[in-house]
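sequence and predicted structure are below.
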2 protein chains.
Amino acid sequence: MNLSFDSPTPAVSDPQWLSNLAEIAVRIGLGLAPEQELIVTAPVEGLPLIRQITKQAYLSEASLVTTVFTDEQTILTRLRYAPDESFDQAPKWLFGAMADAFRGGAARLALSGDDPTLLVGQDTGKIARANRARAEAMRPAAELFANLSTNWTIVPCATTGWARAVFPGEAPGQALTKLWDAIFSITRADRPDSIAAWQAHIAAQRERARILDGKHYSKLRFRGPDTDLAVGLADGHVWAGGSATTTAGLNCLPNIPNEEIFTAPHRDRVNGFVTSTRPLVVHGTTISDIAMRFSEGKVVEAKARGGAQVLQRLLDTDDGARRLGEVGLLFYNTLLDENAASHVALGQAYSKTIRQGDRMSHQDLTAAGANRSLVHVDLMVGSAEVDVDGMTAAGDYEPVMRSGEWVF
Amino acid sequence: MNLSFDSPTPAVSDPQWLSNLAEIAVRIGLGLAPEQELIVTAPVEGLPLIRQITKQAYLSEASLVTTVFTDEQTILTRLRYAPDESFDQAPKWLFGAMADAFRGGAARLALSGDDPTLLVGQDTGKIARANRARAEAMRPAAELFANLSTNWTIVPCATTGWARAVFPGEAPGQALTKLWDAIFSITRADRPDSIAAWQAHIAAQRERARILDGKHYSKLRFRGPDTDLAVGLADGHVWAGGSATTTAGLNCLPNIPNEEIFTAPHRDRVNGFVTSTRPLVVHGTTISDIAMRFSEGKVVEAKARGGAQVLQRLLDTDDGARRLGEVGLLFYNTLLDENAASHVALGQAYSKTIRQGDRMSHQDLTAAGANRSLVHVDLMVGSAEVDVDGMTAAGDYEPVMRSGEWVF
């Protein structure tokens, strides 16, 4: 392995775009406050972006920036060589300390760039145990993010493995550059004034959420090839989109890019069948052609062509893993698999998608229909062939999306 | 920046040596126990070695391996862009959590590969404040290491910056390969059976420590060019070398390579003058040509050609930073600057170099002459021109080292 860490030649078309993406992440994604601490998690390959993010965070007067790097290769090493008891372990000391720091006011930025093919052919039982142990160790931090106790965002970062999966025909260097270009495009980092472009986009999203709130739909209906799913919405559901506001009053944009408008389904009111329009990647395993049937909120039948075992284990995580916690609508985007289409999420609901949800007990949230689970996994159900309708107070359906585009 | 993370070509002459070094680190350096957790700290450039270490640790039945990577470039970014108040901050959440994990039984492996020229020309005041905040945050963990509450080791790792400093005339790739070769040589990783070579070496070191304990020297005297230093030894001092034993009974070898035999000076009984035989690198600043005068244990005069300000700030850290906490003897080795020569250390003493020291209170350790400080910084004083004598119970000096070589 030849690591040239201070080569001046980036694998990106324009170094300014990398700098723009870092600025978007810090100013738009996090809305970092002066004197706020920042904790970043990133794949080691994210180093060039991390260096730019560190610079932008200090320019925004961060008190301290700490990056916790991870190396996907060590996941494979563990699966190959670790003793069996290892797979019920997770670095609780690390995740617990991060949760403490977030509770103390630190912001959280995560770079995501998993290789979707990493774990093909590996032991699904060990993977599931390791993921469960990890999810449990991360739960205190995950709940702080779900409740917007601090400002956070997730930003895509090109990696060799992800690029290979997305552009299998290209040479590795070319694939990486192409993936970076796609990321710069969907994150508006290739625009001359990318911060202004984001501000305009956020205003437009806020307006769309306001319109949807005024509709008071009781349910949404997704119709398309092998899909006819009625998703009842939670009592007092609120449409969220654009920026989110933390309990301390900071505005952040969880997920860059952030094109969706989303709300909470009712955990007991989902019926029908749905087919995924994109493969689902769960911790390195790709699950393709998922078909699920829901009855009274719960997945009662689930099939998949690839990764069926991983899907079953995911659904078996806990009761909430078989129910929906989020429904998100966005225009259909073919540029990247992620953030590409309207989706429903199995698992944990966001309390901010329930009116007054941040001040409600777990019991009251559940009573309103908000789901609770260790997991939160987005399942893409939107495409250019899928229509979305909303049921009005009068009990009639009206069009919300047609052929993957917003009607209003 | 072009990071090729999965290129199959290492910058090392023989990939087997990298694997050997990882095995030495885990089996000899740490003496990792089955089902023990391992926490590694490493520069990001240490990734190829980290992957091998992770594999070796799992082969030794580690329950979990977690690496905390650091990137030296972000130190420069912070110095250039962070607000002033940043320099009194350190990631206490991270260091505190690591200390908790070590207290809970995790082993600690650190890869060291700092660029000694990194901070040339940077603000020494900010550097000193940041180092002090960092040392304070790391103190709970540092005390666990000093007291051998868990097994730990430090292993060298070639980095571009360090290689450039050691081989300034070479092309970056060549310098890196040369530094790796030097590291493989001094760590015995280039031997056909490197584990057996280490076991023989450890036995020889143990025998030498036994001989020195039998001598009961009251003081050591270093004589050479611009050096005549009498180092009184602490009451009940014990010579340590070869492997160390943790409070839980595990054998480890702090520092790979590990050629020295060391003990505790008496904090009040050091007199004379000494000139460093190697530059001292403190957190990225190189301090050269250090000349110091001691009186009754304390540095009363200190000069340096380069980095004099950093030296003064180091000495001003606390009272113990002006006194000696360790004296280490080893044969003179020109291969690398580190672990290259006999040395004295300013700062914290190791309790294991005092008889029963692990069971003594801080007050009793101080009464025996063991020094206490936030810092522990080795100062090389040995060379081929420096002789070392020991004062026997009869009050006579007898030769211990001549021209950098052991007499016995």
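Here it is on my side, so go on.

below-threshold pLDDT in the stretch 201-350 of chain A: ranges please.
A:333-340 (pLDDT under 70).

where does it get nearest to chain B, which residue?
The nearest approach of the stretch 201-350 of chain A to chain B comes at A:Gly284, 15.3 Å away (C-beta to the nearest C-beta). To be clear about C-beta, it is placed using only N, CA and C from the backbone, and glycine gets the same treatment.

my guess is that residue meets A:Asp114, correct?
Yes - counting by C-beta atoms under 8 Å, A:Gly284 does reach A:Asp114; the two are 6.3 Å apart.

just how off-centre is stretch A:343-363 within its chain?
Average the C-alpha atoms of stretch A:343-363, do the same for its chain, and the two points are 15 Å apart (C-alpha atoms, centre = their mean, to the nearest Å).

what do you get for stretch A:178-197?
On C-alpha atoms, centre = their mean, the centre of stretch A:178-197 falls 19 Å from the chain's centre.

what's the closest non-adjacent residue to A:Gly29?
A:Thr153 (3.2 Å; C-beta to C-beta, 6 or more residues apart in numbering or on different chains).

ok so, going back, what's the neighbour count on the residue of the stretch 201-350 of chain A closest to chain B?
Neighbourhood size, A:Gly284 [other C-beta atoms under 10 Å in any protein chain shown]: 21.

now do the contacts for it.
A:Glu72, A:Ile75, A:Asp114, A:Asp115, A:Pro116, A:Thr117, A:Leu118, A:Leu119, A:Gln122, A:Ile127 (C-beta atoms under 8 Å, 6 or more residues apart in numbering or on different chains).

ranges for the strands of the stretch 51-200 of chain A?
A:64-70, A:107-112, A:152-156 (DSSP state E, counting those that start in this stretch).

among those strands, which is nearest B:Ala82?
With C-beta to C-beta as the criterion, B:Ala82 lies closest to strand A:64-70 of the strands of the stretch 51-200 of chain A, at 8.0 Å.

adjacent strands (with direction) for that closest one?
Using DSSP bridges, the strands paired with strand A:64-70 are strand A:37-43 (parallel).

export the strand it pairs with as CSV, just CAs?
Written as CSV, here are the backbone C-alpha positions of strand A:37-43 (Å, rounded to 0.1, in the frame of the first residue of the first chain):
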residue,chain,number,x,y,z
GLU,A,37,-16.9,22.0,19.8
LEU,A,38,-17.2,19.7,16.7
ILE,A,39,-16.9,15.9,16.5
VAL,A,40,-16.6,14.4,13.1
THR,A,41,-16.8,10.8,12.1
ALA,A,42,-15.3,9.8,8.8
PRO,A,43,-13.8,7.0,6.7
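
in its sheet, what does the longest strand seen in chain A sit against?
Counting residues, the longest strand found in chain A (DSSP state E) is strand A:265-275. Applying DSSP bridges, strand A:265-275 is found paired with strand A:227-233 (antiparallel), strand A:291-295 (antiparallel).

now the ones you listed in JSON lines, with mean neighbour count?
Compiled in JSON lines, these are given as follows (neighbours: other C-beta atoms under 10 Å in any protein chain shown):
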{"stretch": "strand A:227-233", "mean neighbour count": "21"}
{"stretch": "strand A:291-295", "mean neighbour count": "18"}
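
with distance to B:Leu253 added, can I get these in CSV?
Formatted as CSV, the strands paired with strand A:265-275 follow (distance: least, C-beta to C-beta, whole Å):
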stretch, distance to B:Leu253
strand A:227-233, 61
strand A:291-295, 55
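
can you tell me the residue of the stretch 151-300 of chain A closest to chain B?
Counting by C-beta to the nearest C-beta, the stretch 151-300 of chain A gets nearest to chain B through A:Thr160 (5.7 Å).

the closest residue to chain B within chain A - nearest residue in space that isn't next to it in sequence?
Residue of chain A nearest chain B, by C-beta to the nearest C-beta: A:Ala97 (3.2 Å). Nearest residue to A:Ala97 in three dimensions, chain neighbours excluded: B:Ala97, at 3.2 Å (C-beta to C-beta, 6+ apart).

noted, bye for now.
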